[in-house]
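> Need a 3D model of the following:
(one chain, ligands or ions: 1)
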Amino acid sequence: MNNNEFPKGFLWGGATAAYQCEGAWNEDGKGFAITDLLTAGTRRNPRKLTTKEESGVYYPAKIGIDHYHRYKEDIKLFAEMGFKVYRMSVSWARIFPNGDDEKPNQKGLDFYRDVFNECHKYGIEPLVSIMHHDTPMALAIKQDGWLCKDTIGAYVKYAKTLFNEYKGLVHYWITFNEINMTMNYFGDVYGAGILSNQTTVIDINNVSDDSMSKEKQNKRFAALHNQFLASALVVKAGHEIDPSNKIGCMIASDAHYPYSCNPINILAAQNSMRKLWYCGDVQVRGEYSYFTKSFLKEKGVTLEITEQDKKILKEGTVDFYSLSYYTSGTDCLDQKVDTDSGNFNLGAANPYLKKSEWGWAFDPDGLRWVLNEIYGRYHIPLFIAENGLGAIDEVSEDGKVHDPYRIEYLKAHTKAMKQAIDDGVDLFGYTWWGPIDLVSASTGEMKKRYGFIYVDLDNAGNGTLERQRKDSFYYYKKLIESNGACV
Ligand code: BGP
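This is a model prediction of the structure:
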């Protein structure tokens, strides 16, 4: 074995989410998800969320990249790269159109069965996120989504339906994608489905936590608590239905550094990392962290946690910790520094790091650091469920997409993963975010591309939808073939 090789059986693959790729938003009995009714947005033109389809408005999830109709072609391309695992999500509203219908929608169940069978045809293991930000719109309108305790029961019923239906076909599950998003940015509407019957304007530039009213903060943390309970109940049920199920949490785990060695910056960075531990401690250890009281008090939040809740959390701890990692942020309180609004609420710009076109810092060492931090705290297997580079790709004169920047990003992060494994971290898989170009979660645009596979589609929904291999496609294929050794 070459020294650079990853552990035997390491799960290489890619990750997508239903509303960002499927399209077919109202086909075959599917109901609307909250994410379906979000417009695309730019810095100057904030995104809008409506409760009903408005005519003349373009909703990116309408088409996605038409994966619903082209999944066979897409999975074949994934297989050509040598994928061992395909992380994807099931759309709740495709299974239960209103979120809490009495019976599941058979056509929705059939679709995912076909997708899983197609994966197995190539020896690809599906890893399924039960929810990826897409609360059914009907539940958001009816009961403010995750603010209502009834949503817990509806989600548990939905998840049990999946466990029973796909027993033997799916062995790896994630309960909620980036559950900590519920306490961040626009996570209260986007993901948690707290609508309060309003059309909402979502300003992706105004993402500061401090700008939140006390009422809003309270709602977000109450919704998050309900998601924790739902997750724990589902972990328990999933194990009962099939003891071989491996069920994980998924936490956005970008690194946070102090801007300088001034102790107040160190404390600020520690506080930023607590947004990860707040969720991780509940989902991995089955209890709220020792700092919960002061953490919530600082935000003006009061949260009710009953004895019964504590029992539920304790009985539903996860089997693995999965994370997304894209970038890092710096915390600075003692001086005015260049805050990088593009860097998604991650604080001051780090003068040591270069940035992507969207202002996300390029920081592979941060991945090694964060993997060690997480593993050191929890000592359970880790899985990188998302990592990738969003960039503007151009089709060159030769008709191809040459993307050396993506290869550079992949190489550097692969090296960092290997270093973490050599440090002793138990990491069992890696799914690149967006192995095929898809709709961006933060902006709803197509021009922010992550794929190894180019999709001919623009921001307004025009294009042939044709798929094409980029240079990075061949690189990832080589990387997987050599089990990471060729970096
Ligand atoms: C994560 C989401 C994904 C994904 C990714 C990239 O937060 O789980 O759904 O899209 O970020 O973000 P973006 O698409 O905004 O560049």
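
> so what's Asp388 closest to, chain neighbours aside?
That one is not Asp; residue 388 is Gly. The shortest distance from Gly388 to any residue other than its chain neighbours is 3.6 Å, reached at Trp433 (C-beta to C-beta, 6 or more residues apart in numbering). Where you see a C-beta, it was placed from the backbone N, CA and C, and this is true even at glycine.

> Next, count neighbours for the one you found.
24 (other C-beta atoms under 10 Å).

> again, but for the one 3 residues further on
Each residue near Ile436 was counted by other C-beta under 10 Å, and the total is 23.

> what's the spacing between it and the ligand?
Shown here: Ile436 relative to the ligand, a distance of 12 Å by C-beta to the nearest ligand atom, to the nearest Å.

> Next: Thr302.
Look at Thr302 and the ligand: by C-beta to the nearest ligand atom, they are 28 Å apart.

> Ok, Gln227 next?
15 Å.

> cool, Val85 as well?
Plainly put, Val85 is 17 Å away from the ligand if you go by C-beta to the nearest ligand atom.

> Look up which residues are beta-bridged to that residue.
Using DSSP bridges, the bridge partners assigned to Val85 are Gly13, Glu125.

> what sits against it?
Contacts were defined as C-beta atoms under 8 Å, 6 or more residues apart in numbering; by that measure Val85 touches Leu11, Trp12, Gly13, Ile124, Glu125, Pro126, Leu127, Tyr172, Gly429, Thr431.

> When you filter those residues down to buried only, what's left?
Leu11, Trp12, Gly13, Ile124, Glu125, Pro126, Leu127, Tyr172, Gly429, Thr431 (16 or more other C-beta atoms under 10 Å).

> CA atoms of the helix or strand hosting the last one as PDB?
What that stands for is Thr431. For Thr431, the host element (DSSP states H and E) is strand 427-433. The C-alpha trace of strand 427-433 is given here as PDB (Å, rounded to 0.1, in the frame of the first residue of the first chain):
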ATOM      1  CA  LEU A 427     -12.800   9.400   8.800                       C
ATOM      2  CA  PHE A 428     -14.700   7.000   6.700                       C
ATOM      3  CA  GLY A 429     -15.900   8.900   3.700                       C
ATOM      4  CA  TYR A 430     -15.900  12.000   1.500                       C
ATOM      5  CA  THR A 431     -18.700  13.300  -0.700                       C
ATOM      6  CA  TRP A 432     -17.800  16.300  -2.900                       C
ATOM      7  CA  TRP A 433     -20.600  18.900  -2.900                       C
END
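
> any idea which helix or strand comes after it?
strand 453-455.

> ok, now how distant is Val128 from Leu224?
Applying C-beta to C-beta, to the nearest Å, the value for Val128 to Leu224 is 22 Å.

> When those two are compared, which one has more neighbours?
In this view Val128 and Leu224 are compared by other C-beta under 10 Å, and Leu224 has more residues nearby, 25 against 22.

> does the more buried one count as helix, strand or coil?
Three-state call for Leu224 (DSSP: H, G, I helix; E, B strand; the rest coil): helix.

> quick one, what contacts the residue nearest to Glu178 when sequence neighbours are not counted?
Nearest non-adjacent residue to Glu178, counting by C-beta to C-beta, 6+ apart: Ala252, 4.3 Å away. Ala252 is in contact with Glu178, Asn180, Met181, Asn184, Leu276, Leu323, Ser324, counting by C-beta under 8 Å, 6+ apart.

> Enumerate the residues of the stretch 251-400 of the chain near the ligand.
Along the stretch 251-400 of the chain, the residues adjacent to the ligand under the rule C-beta under 6 Å from any ligand atom are Ala252, Ser324, Glu386, Gly390.

> hmm, 5 Å instead?
Those residues of the stretch 251-400 of the chain that sit near the ligand, judged by C-beta under 5 Å from any ligand atom, are Gly390.

> now swap in the stretch 51-200 of the chain and tell me
Of all the residues in the stretch 51-200 of the chain, those lying near the ligand are Glu178, going by C-beta under 5 Å from any ligand atom.

> what about the strands in the stretch 51-200 of the chain?
Counting by DSSP state E, counting those that start in this stretch, the stretch 51-200 of the chain forms strands over residues 85-89, 125-131, 172-176, 200-202, given from the N-terminal end onward.

> Is it correct that Ile174 is in contact with Tyr321?
No - in this structure, Ile174 is not within contact of Tyr321 by C-beta atoms under 8 Å, at 10.3 Å.

> Tell me the residues that contact both of those two, please.
Overlap of the contact sets of Ile174 and Tyr321 (by C-beta under 8 Å, 6+ apart) consists of Gly248, Cys249.

> quick one on the thing from earlier: using TSV, please lay out the contacts of Val85 together with pLDDT.
As requested, the contacts of Val85 are exported to TSV (pLDDT from 0 to 100):
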residue	pLDDT
Leu11	98
Trp12	98
Gly13	98
Ile124	98
Glu125	98
Pro126	98
Leu127	98
Tyr172	98
Gly429	98
Thr431	99
